[in-house]
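>>> coords please:
(one chain, ligands or ions: 2)
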Amino acid sequence: MSNTPIRVAVTGAAGQISYSLLFRIASGAMFGPDQPVILQLIEVPFEKAMKALEGVAMELDDCAFPLLKGMVLTDDPRVGFKDANWSLLVGAKPRGPGMERADLLKDNGKIFIGQGQIIDEVAAADARIAVVGNPANTNCMIAASQAKRLTPDRFTAMVRLDQNRAQAQLAKKAGVDLTAVKDIFIYGNHSPTMFPAFKHATINGKPVKEVITDIDWLKGPFLETVGKRGAAIIAARGLSSAASAANALVDHVRSLVTPGAIHSVAVKSEGRYGFDPDVWAGMPVKTTTPGSYEVITSYELCDFCKEKIALTNKELVEERAAVLDMIKG
Ligand SMILES: NC(=O)c1ccc[n+]([C@@H]2O[C@H](COP(=O)([O-])OP(=O)(O)OC[C@H]3O[C@@H](n4cnc5c(N)ncnc54)[C@H](O)[C@@H]3O)[C@@H](O)[C@H]2O)c1
Ligand SMILES: O=C(O)C[C@H](O)C(=O)O
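Ligands and ions are numbered 1, 2, ... in the order given. Sure, this is the predicted structure:
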């Protein structure tokens, strides 16, 4: 790690995810305990949002984080993304009770056209982008489609919350410590069609199916609970998940800068695991250096896995088709 601060741009900086996220970044949880950061906080150009952002910045000051070397508060994305090493695209309208993710597609998609163009123009040479705002995979595809300088591998979308949810559910069912569950990866969309591939997961080093012998639970309630967890939280809280989403983004970025980490990331598929080449789909990734990763392509897919992947791929292809005019226009 270097002593030069990393510039981290965060959109939706006055929103609920950011209220959990920013303090973790400033404390060193995302980039490590020796890495200083400058937070470049971006909000919409409305008085209420900017006022709320000032309040968040006051609280960040009041934490006296030694690693926080500066803050920029802005409603101008050109200022906010300037020289950013990481751009965390959280800002978007969240889904409310009863809303489907498809409803968000057009509204939120527009945001990512502009942000993709500006990041490509003004962010740092080593810029990397992580998309959280929903529908995250397709928003990431939209942002990447606008880039002429930055290559598609720089753009990732978050499926880490789904991986964490799946790991927690498997540990609970098996009655083991969370850390006993390994290699549970999320394939496809961050939506109820996602596929947590339990077949490849292990519990205390044994294949999941040897420990959880209730295959009907794995194929039914397990997939359903993980896939619909976002909606369950919205129904219970009246608001979408925030602290767990922020925590997952810390994990997503931390793993992407930690060589050897193996984790689920939505990346440009390039046809891997049977996905359409142009969609961003969750799949297992291994971080190779603090600035690069490779997709792990060695997992074999059973017929059940292929069926599930075909479903989530279909949804991603449909989402892409729904915004194709926007990204080509
Ligand atoms: N991928 C995931 O796992 C995951 C998990 C939870 C939530 N989400 C999504 O994250 C997004 C944010 O959720 P939240 O609960 O923080 O919402 P929120 O409404 O509390 O905050 C969103 C913030 O974004 C701001 N914003 C909107 N458009 C913006 C723009 N163009 N530039 C900068 N800021 C902008 C808003 O003013 C608001 O302050 C939602 O789309 C939500 O669905 C994703
Ligand atoms: O499902 C949602 O709309 C919120 C979020 O993506 C989640 O998974 O909690």
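>>> Remind me which helix or strand the residue of the chain at minimum distance from ligand 2 belongs to.
Residue nearest to ligand 2 within the chain: Gly230 (2.2 Å; CB to the nearest ligand atom). From N, CA and C alone the C-beta is placed, and that goes for glycine too. Gly230 belongs to helix 229-237 when assigned by DSSP states H and E.
>>> What of Gly98?
Per DSSP H and E, there is no helix or strand for Gly98.
>>> Just give the number of residues close to it.
9 (other CB atoms under 10 Å).
>>> residue contacts, it?
By CB atoms under 8 Å, 6 or more residues apart in numbering, the contact list for Gly98 is empty.
>>> pLDDT score for it?
What the model reports as pLDDT for Gly98 is 73.
>>> which intervals of this protein have sub-threshold pLDDT?
The chain contains residues with pLDDT under 70 at 1-2, 100-102, 329.
>>> What number of residues are in the vicinity of the residue of the chain closest to ligand 2?
The burial count for Gly230: 23, using other CB under 10 Å.
>>> ok so, going back, report the buried residues of the helix holding Gly230.
Residues 229-231, 233-234 are the ones in helix 229-237 that count as buried (16 or more other CB atoms under 10 Å).
>>> Outside of it itself, list whatever touches it.
Applying CB under 8 Å, 6+ apart, the external contacts of helix 229-237 come out as 95-97, 162, 165, 192, 225, 240-241, 244.
>>> Which element, helix or strand, includes the residue of the stretch 201-329 of the chain found nearest ligand 1?
Of all residues in the stretch 201-329 of the chain, Ala245 sits closest to ligand 1, at 3.5 Å by CB to the nearest ligand atom. Assigning secondary structure by DSSP H and E places Ala245 in helix 243-256.
>>> relative to helix 229-237, how tilted is that helix?
Using axes from the mean of the first three to the mean of the last three CA atoms, to 10 degrees, the direction of helix 243-256 lies 150 degrees away from that of helix 229-237.
>>> now for the next helix or strand after helix 243-256, which elements pack on it?
Using DSSP H and E, the next helix or strand after helix 243-256 towards the C-terminus is strand 262-268. Judged by 3 or more CB pairs under 8 Å, 6 or more residues apart in numbering; DSSP states H and E, strand 262-268 is in contact with helix 136-145, strand 155-157, helix 160-174, helix 243-256, strand 280-289, strand 292-295.
>>> Which among these is found nearest to Leu39?
Leu39 lies closest, by CB to CB, to one member of the helices and strands packed on strand 262-268: helix 243-256, at 13.5 Å.
>>> who's in contact with that closest one?
17-21, 24-25, 29-31, 86, 88, 90, 128, 130, 132, 156, 158, 160-161, 163-165, 233, 261, 263, 265, 287, 293.
>>> Could you pull out the buried residues of that helix?
244-256.
>>> Just send those back as TSV, with distance to ligand 2 too.
Putting those into TSV (distance: CB to the nearest ligand atom, whole Å) gives the following:
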residue	distance to ligand 2
Ser244	7
Ala245	6
Ala246	11
Asn247	12
Ala248	9
Leu249	12
Val250	15
Asp251	14
His252	13
Val253	17
Arg254	19
Ser255	18
Leu256	19
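>>> any idea which of the residues you listed is closest to Glu54?
Ala246 (20.1 Å).
>>> so Leu239 touches Tyr19, yeah?
No: the pair Leu239 and Tyr19 fails to qualify as a contact (CB atoms under 8 Å) at a distance of 11.6 Å.
>>> quick check: domain ranges of this structure?
6-157, 160-320 (automatic domain parsing).
>>> Tell me how far Pro45 lies from Ser292.
Distance, Pro45 to Ser292, by CB to CB, to the nearest Å: 36 Å.
>>> again with Val131
19 Å.
>>> who has more neighbours, the two?
Per other CB under 10 Å, whichever of Val131 and Ser292 has more neighbours is Val131, with 32 against 12.
>>> What sits closest to that one if chain neighbours are left out?
Closest residue to Val131 apart from its sequence neighbours, by CB to CB, 6 or more residues apart in numbering: Cys140 at 4.0 Å.
>>> Could you report the neighbour count for that neighbour?
When neighbours are counted by other CB under 10 Å, Cys140 comes out with 29.
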